[in-house]
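# No letters, just coordinates:
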């Protein structure tokens, strides 16, 4: 069993390994889906100072407990579902619900309402089916603002949506005309 601090630290390490700098840890991810074997991830984690105690069960616990369901394990392979800043992971185009949500901070709002949603340091713009994930993502960097994205309007403007799993949707860009401010954290 992991205490909360160790679980959070291990989750951050796995995120760094699978989402941001896999090569720095000696991991070769599948170029199509960004996965590697659970055994390869475990060996890379255990090779890090202070992490030799980690077991497969610890990794599986982190995957199950992740509030944003960042990771998934399928057939002894693990991957980050979204949030990659390294090589681009491919997803199949899919038809999203009519409205998706994006959490951001108040300081970013003027730029978004002018230029739309951009992936910034990530490979895709992250959107969610409900406000829960949008709130988790947007509340990390200042006063929260939740945006509603009209997916029909965005698709008419040429946006392709991709389903990453667990209510998370991705897009290359969302035009400003498809975004509307829903509420701020003071209204939540």
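Arrived safely. Values in this document were obtained by computation on a predicted structure and should not be read as measured data.
# Could I get the buried residue list for stretch 114-132?
By neighbour count with 16 or more other Cβ atoms under 10 Å, stretch 114-132 contains the buried residues 116-117, 119, 122-129, 131. All C-beta atoms are positioned from the backbone trio N, CA, C, and that covers glycine.
# what does stretch 137-144 give?
Neighbour-count burial for stretch 137-144 [16+ other Cβ under 10 Å]: 137-139, 144.
# With stretch 89-102 instead?
For stretch 89-102, burial by neighbour count (16+ other Cβ under 10 Å) applies to 89, 91, 96, 100-102.
# cool, stretch 63-75 as well?
Residues 63, 66, 68-73 are the ones in stretch 63-75 that count as buried (16+ other Cβ under 10 Å).
# Name the surrounding residues that touch it.
Residues outside stretch 63-75 that contact it (Cβ atoms under 8 Å, 6 or more residues apart in numbering): 7, 11, 14-15, 18-19, 35, 38, 60, 62, 78-83, 133, 136-137, 165-166, 168.
# and if we set it to 7 Å?
7, 11, 14-15, 18, 38, 60, 78-81, 83, 133, 136, 165-166 (Cβ atoms under 7 Å, 6 or more residues apart in numbering).
# how does the protein divide into domains?
4-80, 99-184 (automatic domain parsing).
# possible to save the ones you listed as CSV with mean pLDDT?
Below are the domains of the chain laid out as CSV (pLDDT from 0 to 100):
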stretch, mean pLDDT
domain 4-80, 90
domain 99-184, 88
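# Single out the most deeply packed of the ones you listed.
Across the domains of the chain, averaging neighbours per residue (mean count of other Cβ atoms under 10 Å) puts domain 99-184 on top, at a mean of 18.
# okay but residue 89 is in contact with residue 30, surely?
No: the criterion here is Cβ atoms under 7 Å, and residue 89 misses it with residue 30 at 8.8 Å.
# mind checking the SS state of the nearest residue to residue 40 once chain neighbours are set aside?
Of all residues not flanking residue 40 in the chain, residue 27 sits nearest, at 6.3 Å (Cβ to Cβ, 6 or more residues apart in numbering). Assigned with DSSP: H, G, I helix; E, B strand; the rest coil, residue 27 falls in the coil class.
# Do I have it right that residue 27 meets residue 42?
No: using Cβ under 7 Å, residue 27 is not in contact with residue 42, being 10.9 Å away.
# any idea where the strands of the protein begin and end?
35-37, 71-74, 77-80, 99-105, 125-128, 144-150, 161-165, 168-171, 179-184 (DSSP state E).
# Centre of the chain to the fifth one, how far?
I take that to be strand 125-128. 8 Å (Cα atoms, centre = their mean, to the nearest Å).
# Now render the buried residues of stretch 137-144 as TSV, adding distance to residue 172.
TSV is the format used below for those (distance: Cβ to Cβ, whole Å):
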residue	distance to residue 172
137	18
138	20
139	25
144	24
